[in-house]
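>>> mind looking at a prediction? Sequence and model below.
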Amino acid sequence: DTEVTQTPKHLVMGMTNKKSLKCEQHMGHRAMYWYKQKAKKPPELMFVYSYEKLSINESVPSRFSPECPNSSLLNLHLHALQPEDSALYLCASSWNTEAFFGQGTRLTVV
Amino acid sequence: DAKTTQPTSMDCAEGRAANLPCNHSTISGNEYVYWYRQIHSQGPQYIIHGLKNNETNEMASLIITEDRKSSTLILPHATLRDTAVYYCIVRVDQSNTGNQFYFGTGTSLTVIP
């Protein structure tokens, strides 16, 4: 199984809502990542988890809160987002190999 | 972080070889060069990677210069399905914090019938 599964595929949320994005992999990878991608731009690294601990936070606003409950799961909790946070959110996993990416969650903040 | 620079866009005739260049002049000795492609807002797809030797797989070939400051991805017989944005990435090795993959601006490749 070389898949990274992200749910939901699409999400529309209001600026006062709280929602979560989920990511799952069963490749035994010990590093997991969140990326944000705006239209016609490259993916931007947001967070890196290594051995279930947050190791990299690329100065992401606190309205984005990552969580790694176990080695297979990665969540991104969203609260009080702004319309400019609308983007494709990509999850990836890796360990001494190439990174495998999920298909992303298309988030629209209204 | 080692940065990469790529041409913004390229065209290639169907059936011909597509050669996509990448500059990574600040690459460190233990940093790998990776290539990914992304088709219309799908997740990025791994193509190939290398350290210093040239590499080939079923998808492409990777040519890395001897000084490692640049590389070229070669798609030997481009098809319309190869139309995508191609990203050259230098993987930052951090064994304790997880390897980091930073995307450059990418090259939008259009394969023309």
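Yep, that arrived. Numbers count the residues shown, from 1 in each chain, chains lettered A, B, ... in the order given.
>>> ok, the closest residue to A:N96 other than its chain neighbours - contacts?
Closest residue in space to A:N96, ignoring its immediate chain neighbours: B:N99 at 7.3 Å, by CB to CB, 6 or more residues apart in numbering or on different chains. Quick note: C-beta positions are derived from backbone N, CA and C, even for glycine. Applying CB atoms under 8 Å, 6 or more residues apart in numbering or on different chains, we find B:N99 in contact with A:31, A:94-96, A:99, B:91-93.
>>> in chain B, which strand is the longest?
strand B:84-92 (DSSP state E).
>>> would you give the sheet partners of that strand, along with the direction of each?
According to DSSP bridges, strand B:84-92 forms sheet pairs with strand B:32-38 (antiparallel), strand B:100-103 (antiparallel), strand B:107-112 (antiparallel).
>>> that strand - what's its average pLDDT?
Across strand B:84-92, the average pLDDT comes to 93.
>>> quick one: that strand to chain centroid distance?
Its chain's C-alpha centre and that of strand B:84-92 lie 5 Å apart, by CA atoms, centre = their mean, to the nearest Å.
>>> just the C-alphas of that strand, formatted as CSV.
Listed in CSV are the C-alpha atoms of strand B:84-92, where the atom choice follows Å, rounded to 0.1, in the frame of the first residue of the first chain:
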residue,chain,number,x,y,z
ALA,B,84,2.0,18.9,-16.1
VAL,B,85,4.0,21.2,-13.8
TYR,B,86,7.4,19.6,-13.1
TYR,B,87,9.1,20.5,-9.8
CYS,B,88,12.8,20.1,-9.1
ILE,B,89,13.4,19.7,-5.3
VAL,B,90,16.4,19.5,-3.2
ARG,B,91,15.7,17.2,-0.3
VAL,B,92,17.1,18.6,3.0
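>>> circling back to that earlier point, pick out the shakiest of the strands paired with strand B:84-92, pLDDT-wise.
Looking at those, the lowest mean pLDDT belongs to strand B:100-103 (a mean of 89).
>>> dump stretch B:30-49 to CSV, keeping only the CA atoms.
The C-alpha coordinates for stretch B:30-49 follow below in CSV (Å, rounded to 0.1, in the frame of the first residue of the first chain):
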residue,chain,number,x,y,z
ASN,B,30,24.6,15.0,1.0
GLU,B,31,21.4,16.6,-0.5
TYR,B,32,19.5,14.7,-3.1
VAL,B,33,17.8,16.1,-6.2
TYR,B,34,14.2,15.0,-6.6
TRP,B,35,11.8,15.5,-9.4
TYR,B,36,8.0,15.5,-9.0
ARG,B,37,5.2,16.4,-11.4
GLN,B,38,1.7,17.7,-10.7
ILE,B,39,-1.2,17.3,-13.0
HIS,B,40,-4.0,19.9,-12.6
SER,B,41,-4.2,20.2,-8.8
GLN,B,42,-3.8,16.5,-8.1
GLY,B,43,-1.1,15.5,-5.5
PRO,B,44,2.5,15.7,-6.7
GLN,B,45,3.7,12.5,-8.2
TYR,B,46,7.3,11.2,-7.7
ILE,B,47,9.3,10.8,-10.8
ILE,B,48,13.0,10.2,-10.0
HIS,B,49,15.8,11.2,-7.7
